[in-house]
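Trainee: model the structure of this input:
(chains A, B, C and D)
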2 protein chains.
Amino acid sequence: MQSPVPTRGDTRRAAILEAATEVFMELGYAGASVDRIVQRAGGSKGTVYRHFGCKADLFAEIITALVARMTAPIEHQRLGVADGAQDLAATLARFGQTYLDVLVQPQSLALYRMVIAEGANFPDLARVFYERGPGQVATQLADYLGALGGGELPAAPGPEVVAREFLSLVRSDLHQKALLGVEIPSPDQRASTVARAVALFLARYQPVPGACVGK
Amino acid sequence: MQSPVPTRGDTRRAAILEAATEVFMELGYAGASVDRIVQRAGGSKGTVYRHFGCKADLFAEIITALVARMTAPIEHQRLGVADGAQDLAATLARFGQTYLDVLVQPQSLALYRMVIAEGANFPDLARVFYERGPGQVATQLADYLGALGGGELPAAPGPEVVAREFLSLVRSDLHQKALLGVEIPSPDQRASTVARAVALFLARYQPVPGACVGK
DNA sequence: TTTGAATGGTACTGTACGGTACGGTATCAG
DNA sequence: CTGATACCGTACCGTACAGTACCATTCAAA
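Mentor: As a prediction, the model looks like this:
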C-alpha cells in the first residue's frame, strides 16, 4: 500500500487530517475556519494548502474517510447464511444492534449533520456518503436476506425493500432525535428498540410453520 | 387576533418574512445574507433590523412558523375513533400517506436541513422543532391508537412506541435519501411504501381473529 | 395641511474568512 | 558538507458579512 516508514510529509498530513476532522465535526464545514484547524494541528497554514489544495478538498477527503470509519463495524459483521435460518432472529438482532449503536454515536451524528448541511454545496459528496454509508449497509443486509432463499422470506417485494424496512424499524425515531440533539438514546432504549424491530419484522416475514399466513 | 386592516408596517413585515423564508430555505441560515434577503424583499436593511432585531431572531421566527405550516396538513387529519376499527387499515394508510407526502416536499426538506445544520447554534429551536413537528405527529397518532382500546392493539409497549414504529416504517429510507438530495421519491414509491408499512404494521398488531398469535 | 413616525437608499465600521507571499529554518538525500 | 525540498511563522490581500448611521422621502393620522 504505502511505505512502512512514514516520511515527514506523511506525519504532517496525518496530523492535519486528524485536527481538521475534530474541528469539522465540532463546528461543521462552514463554521470551521482553516485558522482554527491550523491552531489545533500545530504548524502553518501554508502546509495545509500545500497538502490539500483548498478547504473543500480537505473536507471531501475527511468525509469519505469518516464514512469508511463509520461503516467499518457494520461491514465487519459477516452475515453468514451457513448458520442456518433458525438463527435469523439472533442475526437480525445483532446486526440491528450494531447498526443502531453506530448511528447514534457522536461521530456518526456529526457526520450526518455535516453531509446534510452541506449537501447542496457538495452534491457528489452527499451521493457518495449515501451509497457507501446507509446504502451499503442496506445492500449488505439485503444480500443476506436474499441468500436465505424464498423459503424463509417471501420474495414478494425483493430483499432490498425488506432490508430497508427492517433498518427503518431499527432507526425508529431515535436517530432523528439524536440528530436534532433532542435526546441521545440510552443503551437500554436502543436494545429494546432493536428487540421490538426484530419481533415486528419476523411476525410478518417469518410466520411460525403451520400458522396461518394472512392473505 | 390582529387588526383586520394591516398597517404599512404589517405589510412590510410580511414581505420581509416571506422573502427571508425563501432565501433561508434555499441557502440555509449561514449561507443566507441579510443583504440578499433585503434584495428579494425590496426595501432597506434598516427596516429588517427594526422589525426583527437581528438575523438570528428573524430566523427563529421563520422556523417556528414553518413548523406550524408543515404540520398543518397532518394535524388537519382528524383521526376519529368513531369510524370503527375495521377502518384501521384505511385510516393508517391515509394518515401515513399525508405524513410521507409532507415529509418529502421541498419545503419540509429545507426546514429539516436548516434545523439539523443549525441545531448546535440554536438548541432551543431544535427542541421546539421536534416537539411541535415530528413529536406532535407521533403523539397525535398515539392518541388515536390508544383510544382504540386494548381490544385491537395490544397495549404491550404503549401506544407511543407503536405509533413511532409505524411512522418509522412510513418514512422508510425515503426521507433520508430525500434529505441528502440523493433521490426524491415518486408518488408511486411513496404510495407503495405506505401500503407496505400498513401491511407490516397490521400483520403484527391486528391479527386476523381466530389466527394464531405467535408467542 | 401639518406633523411625526416608518421607510428607502446608501454609505460606513469592524470583523472574520479563504487563500497567498515570503523569509528564515529544519529535514533529508547524495 | 551541500543542495533541494518541506516546513513554520507571519504578514498580507481581497472579499463578504452583520449591524449601524444618516438623510431624504413617503405615508398615515390629526
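
Trainee: so which helix or strand takes in A:G135?
Mentor: helix A:134-147 (DSSP states H and E).

Trainee: identify the residues contacting the helix or strand following that helix?
Mentor: Tracing the chain C-terminally past helix A:134-147 and defining elements by DSSP H and E, one meets helix A:159-171 next. With contacts defined as CB atoms under 8 Å, 6 or more residues apart in numbering or on different chains, helix A:159-171 is touched by A:92, A:96, A:99-100, A:103, A:134, A:137-139, A:141-143, A:145-146, A:153, A:193-194, A:196-197, A:200-201, A:205, B:165, B:168-169, B:171-173, B:196-197, B:200. (Each C-beta comes from the backbone N, C-alpha and C, glycine too.)

Trainee: and helix A:159-171, average pLDDT?
Mentor: Throughout helix A:159-171, pLDDT has a mean value of 96.

Trainee: now it against helix B:159-171, angle please.
Mentor: 150 degrees (axes from the mean of the first three to the mean of the last three CA atoms, to 10 degrees).

Trainee: got the contact list for A:K45?
Mentor: A:34-35, A:38.

Trainee: filter those residues to the buried ones?
Mentor: Using 16 or more other CB atoms under 10 Å in any protein chain shown as the burial test, those include A:34, A:38 as buried.

Trainee: ok, which of the contacts of A:K45 also contact DNA strand C?
Mentor: A:34-35 (CB under 7 Å from any atom of the strand).

Trainee: which of the contacts of A:K45 fall within helices?
Mentor: A:34-35, A:38 (DSSP state H).

Trainee: where do the strands sit along chain A?
Mentor: Taking DSSP state E, chain A contains no strands at all.

Trainee: quick check: which ranges of it have low pLDDT?
Mentor: Chain A contains residues with pLDDT under 70 at A:1-4, A:82-86, A:150-156, A:207-215.

Trainee: dump the residue contacts of the residue in it positioned nearest to chain B.
Mentor: For chain A, the nearest residue to chain B under the criterion CB to the nearest CB is A:A117, separated by 3.4 Å. Going by CB under 8 Å, 6+ apart, A:A117 touches A:28-30, B:28, B:113, B:116-117.

Trainee: can you check A:E22 too?
Mentor: A:R40.

Trainee: check the offset of the longest helix along chain A from the chain's centre.
Mentor: Looking across chain A with DSSP H, the single longest helix is helix A:8-31. Distance, stretch centre to chain centre, for helix A:8-31: 20 Å (CA atoms, centre = their mean, to the nearest Å).

Trainee: show me the contacts for the residue nearest to A:R69 when sequence neighbours are not counted.
Mentor: Counting by CB to CB, 6 or more residues apart in numbering or on different chains, A:R69 lies nearest to A:Q107, which is 7.8 Å off, once chain neighbours are set aside. By CB under 8 Å, 6+ apart, the contact set of A:Q107 is A:25, A:66, A:69-70.

Trainee: need those in JSON lines (columns: distance to DNA strand D and neighbour count).
Mentor: Shown next, in JSON lines, are these (distance: CB to the nearest atom of the strand, whole Å; neighbours: other CB atoms under 10 Å in any protein chain shown):
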{"residue": "A:M25", "distance to DNA strand D": "22", "neighbour count": "19"}
{"residue": "A:L66", "distance to DNA strand D": "23", "neighbour count": "21"}
{"residue": "A:R69", "distance to DNA strand D": "23", "neighbour count": "13"}
{"residue": "A:M70", "distance to DNA strand D": "28", "neighbour count": "21"}
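
Trainee: so which of these are in helices?
Mentor: A:25, A:66, A:69-70.

Trainee: closest one to DNA strand C out of these, please.
Mentor: Of all these, DNA strand C sits closest to A:M25, with 15.0 Å by CB to the nearest atom of the strand.
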